[in-house]
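# Okay, sequence plus prediction incoming.
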Amino acid sequence: MPTRRSLRTDIVARLLIALGFVAMKRREFVGFLGGAAVWPLAARAQQPAMPVIGFFHLTSPELTREILAAFHRGLGDTGYIEGKNVAIEYRWARGNNDLLPALAAELVRRQVSVIVILGSTQGALAAKAATRTIPIVCMQAEDPVRIGLVDSLNRPGGNVTGISLMLAELAGKRLELLLELVSAARSIAYLRNPTNPVFAESEGRELQAAARTRAVRLLLVNASRPSEFEAAFAEVVQQRANALVVSSAVSLLTDPDQIVALAARHSVPAIYARPQSVAIGGLMGYWPNYLDALRQAGVYTGRILKGEKPADLPVAQPTKFELTINLKTAKALGLTVPPTLLAQADELIE
């Protein structure tokens, strides 16, 4: 006597044949029905794992909201959305350059698909020292060829590519702009971060050349952590510096409020390399278009996830630079902004 199961199988077989299925032997058809239930599980097992980006930064999540938003826009331009088809592992050095090698090594052990380090020369060097195989996208301030990150700008040649912000090369231009506003200055202090020696050396070299051309004295003042800023400004005042160039490597160490507040307290005209500093009361700043560079870093990361090699992606350089002047701060310092400088400014804060 046929069982209920065999009767159901016969009924289903007749229905499928009626719908146009090729006839099968009964044993083959039963195997077909049994295996069909396994297909969804097998398909899921064969799906590729979600790629993981290892992202580390010198500062903190609180100071990188705008940075991350621009980076995510670039990722989105290539079709990658965090949590949907890509995961991101974040690591933060919170202003401590000494932590960067350990953070890079941790991401290498995690076996991420690509490492991203934005805004840190020391971080880019740490990432390259940690791996020669995992692709690296960096955005940093130093000439990447000179410090050995890449073979050339057009053909990087290894596992590193990204964006060179040219901040060291722009240091001389910042000094010239500051002297255009503080024309009577005869000595300029340079606030630098000695724990980032590669960048400090390059930036200092550019500033020394500009200072010689303008016949002013350049004073070197060090600060490697926020707790040292008070003493650094006391030294600026003691050496009777007429104005101050703040290195971008110093402004990354902490929330910029502290440096801007100290410059205001001691009545020191200062020029900065970060937009946040002028927005909260700094006198003036000159920098590349950071948001466009950050978006480009996201685009490069997405292209690498799609299979392109860092060796074939040229190192990008900014083409637009921005001058911002805080007129309210200039007035508080008793400075009159000359018309020629006003005409150069991309933004005036009143």
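Nice, thanks for sending it over. Numbers count the residues shown, from 1 in each chain.

# rest of the way, CA atoms for contacts and neighbours
Noted.

# What are the boundaries of the strands in the stretch 151-300 of the chain?
Along the stretch 151-300 of the chain, the stretches classed as strands by DSSP state E, counting those that start in this stretch are 160-164, 187-192, 217-222, 243-246, 270-272, 284-288.

# Can you name every helix or strand that the third one contacts?
It refers to strand 217-222. Contacts defined by 3 or more CA pairs under 8 Å, 6 or more residues apart in numbering; DSSP states H and E place strand 217-222 against strand 187-192, helix 197-214, helix 229-238.

# again, but for the fourth one
On a contact count with 3+ CA pairs under 8 Å, 6+ apart, strand 243-246 meets helix 167-181, strand 187-192, strand 270-272.

# Which parts of the stretch 251-350 of the chain are helices?
Assigned by DSSP state H, counting those that start in this stretch, the stretch 251-350 of the chain shows helices spanning 257-265, 275-279, 290-305, 327-332, 339-344.

# For the shortest one, output the C-alpha coordinates as CSV.
As requested, the backbone C-alpha atoms of helix 275-279 are provided in CSV (Å, rounded to 0.1, in the frame of the first residue of the first chain):
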residue,chain,number,x,y,z
PRO,A,275,39.6,75.7,9.3
GLN,A,276,38.3,74.9,12.8
SER,A,277,40.9,77.2,14.4
VAL,A,278,39.8,80.3,12.5
ALA,A,279,36.1,79.4,12.9
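
# buried sites along that helix?
Buried positions in helix 275-279, judged by neighbour count with 16 or more other CA atoms under 10 Å: 275-279.

# Point out the most buried one among the helices of the stretch 251-350 of the chain.
Sort those by mean neighbour count, taking mean count of other CA atoms under 10 Å, and helix 290-305 sits at the top with a mean of 23.

# Identify the residues contacting that helix?
Helix 290-305 is contacted by residues 51, 67, 70-80, 113-114, 116, 118, 135, 137-139, 162-163, 165, 310, 313, 318 when judged by CA atoms under 8 Å, 6 or more residues apart in numbering.

# Restricted to strands, list these.
Among the contacts of helix 290-305, the ones falling in strands (DSSP state E) are 114, 116, 118, 137-139, 162-163.

# who wins for neighbours among the residues you listed?
Among those, Gly162 has the most neighbours (other CA atoms under 10 Å), with 32 neighbours.

# ok so, going back, switch the strands of the stretch 151-300 of the chain over to TSV; also include mean pLDDT.
As requested, the strands of the stretch 151-300 of the chain are arranged in TSV below (pLDDT from 0 to 100):
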stretch	mean pLDDT
strand 160-164	96
strand 187-192	97
strand 217-222	96
strand 243-246	97
strand 270-272	97
strand 284-288	96
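
# Look at the nearest residue to Asn326 once chain neighbours are set aside and say how many residues are nearby.
Nearest residue to Asn326, sequence neighbours excluded (CA to CA, 6 or more residues apart in numbering): Ile349, at 4.5 Å. Using other CA under 10 Å, Ile349 is surrounded by 15 other residues.

# Next up, the contacts around Ile349.
Here Ile349 is in contact with 279, 324-328 (CA under 8 Å, 6+ apart).

# which residue is nearest the centroid of the protein?
By CA atoms, centre = their mean, the mean C-alpha position of the chain lies nearest to Leu118, the distance being 2.2 Å.

# wait, it sits on Cys138?
Yes - using CA atoms under 8 Å, Leu118 is in contact with Cys138, at 5.4 Å.

# Can I get the helices of the stretch 251-350 of the chain in a markdown table including mean pLDDT and distance to Asn97?
Formatted as a markdown table, those follow (pLDDT from 0 to 100; distance: least, CA to CA, whole Å):
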| stretch | mean pLDDT | distance to Asn97 |
| --- | --- | --- |
| helix 257-265 | 94 | 19 |
| helix 275-279 | 92 | 21 |
| helix 290-305 | 96 | 21 |
| helix 327-332 | 98 | 31 |
| helix 339-344 | 96 | 35 |
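
# would TSV of these with distance to Asn154 be doable?
Putting the helices of the stretch 251-350 of the chain into TSV (distance: least, CA to CA, whole Å) gives the following:
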stretch	distance to Asn154
helix 257-265	37
helix 275-279	29
helix 290-305	14
helix 327-332	41
helix 339-344	31
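
# Show the contacting residues for the residue lying closest to Gly157 once chain neighbours are set aside.
Nearest in space to Gly157, with sequence neighbours left out and distances taken as CA to CA, 6+ apart, is Ala311 at 4.2 Å. Residues counted as contacts of Ala311 (CA under 8 Å, 6+ apart) are 155-161.

# Just the buried ones from those residues?
Neighbour-count burial (16+ other CA under 10 Å) applied to these gives 156-161.

# Look up how far Ala200 lies from Ser194.
If you look again at residue 194, you'll see it is Pro, not Ser. 7 Å (CA to CA, to the nearest Å).

# Neighbour count for these two, which is higher?
Neighbour count, other CA under 10 Å: between Pro194 and Ala200, Ala200 has more, with 22 against 17.

# hmm, back to that, the helices of the stretch 251-350 of the chain: which one's closest to Arg214?
Among the helices of the stretch 251-350 of the chain, helix 339-344 comes nearest to Arg214, with 17.2 Å by CA to CA.

# How about residues contacting that closest one?
The list of residues contacting helix 339-344 from outside it, by CA under 8 Å, 6+ apart, reads 177, 180-181, 323, 348.
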